[in-house]
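> Let's see this in three dimensions:
(one chain, ligands or ions: 1)
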Amino acid sequence: MSFVAHRSLKETYRKAVRGEGIYVFDADGNKYLDGSSGAGVSCLGHSNERVISAIKEQAEKLCFASSVFYTNDPTEELAAVLAKGAPGDLKYATFGCGGSEQVEGALKIARQYHVDRGEPSRTIMIARRQSYHGMTLGTLNVGGHIGRRQLYTPMFAPTHLIAPHYAYRERREGETAAAYSLRVANELETKILELGQENVAAFIAEPVVGATNGCVAADDVYFKRIREICDQYGVLLILDEVFCGMGRTGTRHACEQDSVLPDLLVMAKGLGGGYQPISALLISEKIINAVKDGRGYIANGHTYMNHPLNCAAGLAVQQEIADRDLIANVAKQGAYLRARLEESFGQHAHVGDIRGRGLMQALEFVVDRETKEPFPPEKQLWAKLQKTAMTHGLMCYPNGGTIDGIKGDHVILAPPYIISEAQVDEMVEKLEKSVAQTINQL
Ligand code: PMP
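Presented below is the predicted three-dimensional model:
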């Protein structure tokens, strides 16, 4: 088990045995409302019959065919579905088993793009503080999650991090929203000039931040400027939508709401909804053309890439989302969830900010709403809230304390796309009780 002290494993973990709709059941028969889809994964909820049948059907035909030798139907069909809904010239897809694997792929392809075009000095990746792009060495290196990086930093090449877009804490008094967005976006230009544009390969960011500072979105002023800077200096733009993509924010891709077109787009969690481990990287025509004119092939690959069973599951998940118009339900229930959170926590003495998009909403906790003073990290509000919520039958996704520059604690709600209005009410009521009990304990 990751990031849990071994001596507290037994008290921390329950054994999950069954799932049904938006609920998970443990071995003692307790029922939990899956208010975070695990960590933003289970977009269709649990035990969806159409997806299970598709997996069974594919398993009987063909579980695995090495991509060294073959392509396969589910991979081609899923690639076609993604290409059809993709913005701009993101018309090529490749599939892996996890978010980190695909972010690594994006970083490597970005590097290859420049080498194949005759600019081999472009090696540097610029990322943002308080970001998370994965747990492998390469992705930790471009992440700003200090707690997760710390142990490995002596193994890394120097990382270049700029400010996140985090208006609640970093917008100055009297500064307009647009001026703030431009100020932080321009940090990218300053950093590129400092490093020398001939040395910079790509900039990577999450359109809506997930695991670090909790559902923080930027805006189109910010991303328009980021795109301009990338174009001006020949730097590729990688957007990591592992958490916020595939419908989670109310559009298939979160970047659609910021009117920004990346060169490489990574997605994972909502792609397969947890039915199989699957992630995807969408690659722009511009990059594929450079590869075709360069060495002719992408210098990256994994044993389980384009896995037929995983792609069959992803395909069924995406067909189910389309046929039931579930992204529209994300927008509808997301607006309802936001209204319910505002109603329950809008005046709460210890909730400083309510933010997010679609079914990806968060509360940030503070000691004092005026000063935005956070709770002391050693109080571990976020960890206590997670535990308490479980006793109220709610899975939610709190974080805080150990992350670079983040002073406070927050909790993310990211329920399955199939959630109903009554279930949103049930989730918010459970959260109210959990927050009250946790803060009383502190
Ligand atoms: N990027 C983002 C934005 C994520 O939220 C995550 C997972 N939380 C990852 C990358 C890494 O994905 P995985 O855990 O599947 O490797």
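> Now do the contacts for the residue lying closest to Gly274 once chain neighbours are set aside.
In space, and not counting its chain neighbours, Gly274 is closest to Val41: 4.2 Å by Cβ to Cβ, 6 or more residues apart in numbering. Quick note: C-beta positions are derived from backbone N, CA and C, even for glycine. When contacts are counted by Cβ atoms under 8 Å, 6 or more residues apart in numbering, Val41 is found next to Lys269, Gly270, Gly273, Gly274.
> Pick out whichever of the residues you listed sits closest to the ligand.
Of all these, Lys269 has the smallest distance to the ligand: 7.2 Å, by Cβ to the nearest ligand atom.
> Which one (most neighbours) among the contacts of Val41?
Tallying neighbours with other Cβ atoms under 10 Å puts Gly270 at the head of the contacts of Val41, with 33 neighbours.
> Is Val208 bridged to anything, and to what?
Ala217 (DSSP bridges).
> Just to check, it is in contact with Asp219?
No - the criterion here is Cβ atoms under 8 Å, and Val208 misses it with Asp219 at 11.1 Å.
> more crowded one of those two?
With neighbours defined as other Cβ under 10 Å, Val208 and Asp219 compare such that Val208 has more, 25 against 16.
> Pull the contacting residues for that one.
Cys215, Val216, Ala217, Phe243, Cys244, Arg248, Thr249, Ala254, Gly356, Arg357, Met360.
> Turn the residues you listed into TSV, columns for pLDDT and neighbour count.
Below are those laid out as TSV (pLDDT from 0 to 100; neighbours: other Cβ atoms under 10 Å):
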residue	pLDDT	neighbour count
Cys215	95	27
Val216	95	24
Ala217	96	20
Phe243	98	28
Cys244	98	30
Arg248	98	30
Thr249	98	31
Ala254	97	28
Gly356	98	26
Arg357	98	21
Met360	98	29
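> Which pair in the residues you listed has the greatest spatial separation?
Distance extremes for the contacts of Val208: the farthest pair is Val216 and Arg248 at 14.2 Å, using Cβ to Cβ.
> On the three-state scheme, Ala127 is what?
strand (DSSP: H, G, I helix; E, B strand; the rest coil).
> how close does whatever residue of the chain ends up closest to the ligand sit to Glu378?
The minimum distance from the chain to the ligand, using Cβ to the nearest ligand atom, falls at Gly99 (2.3 Å). Gly99 sits 30 Å away from Glu378, going by Cβ to Cβ, to the nearest Å.
> Between those two, which is the more surrounded one?
The residue with more neighbours, out of Gly99 and Glu378, is Gly99; 27 against 6, by other Cβ under 10 Å.
> Gly352: what's it in contact with?
Gly352 makes contact with Tyr168, Glu364, Phe365, Val366, Arg369, Lys372, Gly408, according to Cβ under 8 Å, 6+ apart.
> Make sure it is indeed in a strand.
Yes - according to three-state DSSP, Gly352 belongs to a strand.
> what's the closest non-adjacent residue to it?
Closest to Gly352 by Cβ to Cβ, 6+ apart is Val366, at 3.7 Å.
> Hmm, His350 and the one you found touching each other?
Yes - contact criterion Cβ under 8 Å: Val366 and His350 qualify, at 6.1 Å.
> Give the bridge partners for the nearest residue to Gly346 once chain neighbours are set aside, please.
For Gly346, ignoring the flanking residues on the chain, the nearest one in space by Cβ to Cβ, 6+ apart is Ile354 at 6.8 Å. Using DSSP bridges, the beta-bridge partners of Ile354 come out as Leu363.
> Would you mind giving both backbone torsions of the residue nearest to Gly274?
Phi and psi for Val41, reported as degrees, to the nearest 10, are phi -100, psi -60.
> ok, now Ala211?
Torsion angles, degrees, to the nearest 10, at Ala211: phi -70, psi -10.
> Same question for Val266.
According to degrees, to the nearest 10, Val266 has phi -110, psi 140.
> Report pLDDT for it.
Note for Val266: predicted pLDDT of 98.
> That one is in contact with Cys244, isn't it?
No - look at Val266 against Cys244 with Cβ under 8 Å: they stay out of range, at 10.7 Å.
> related to what we said a few turns ago, how many neighbouring residues does the residue nearest to Gly346 have?
Applying other Cβ under 10 Å, we find 18 residues neighbouring Ile354.
> looking at it, it is touching Leu341, isn't it?
Yes - when contacts are counted by Cβ under 8 Å, Ile354 is listed as touching Leu341 (5.1 Å).
> What separation do you get for Asn30 and Gly85?
Using Cβ to Cβ, one obtains 38 Å as the distance from Asn30 to Gly85.
> out of these two, which sits in the more crowded spot?
Relative neighbour count places Gly85 above the other of Asn30 and Gly85, with 17 against 12, counting by other Cβ under 10 Å.
> got the contact list for that one?
Shown in contact with Gly85 (Cβ under 8 Å, 6+ apart): Arg252, His253.
> Make residue 1 into 59 and carry on from there
With 59 as the first residue, the last one maps to Gly143.
> Provide the backbone phi and psi angles at it.
Dihedral angles (degrees, to the nearest 10) for Gly143: phi -90, psi 0.
> if I look at it, how far off is Gln315?
Distance of Gly143 to Gln315, given as Cβ to Cβ: 15 Å.
> Low-confidence stretches in the protein?
66-70, 459-465 (pLDDT under 70).
> Quick check: residues of the stretch 59-208 of the chain near the ligand?
Ala97, Gly156, Gly157, Ser158, Val161, Tyr190, His191, Gly192, Met193 (Cβ under 6 Å from any ligand atom).
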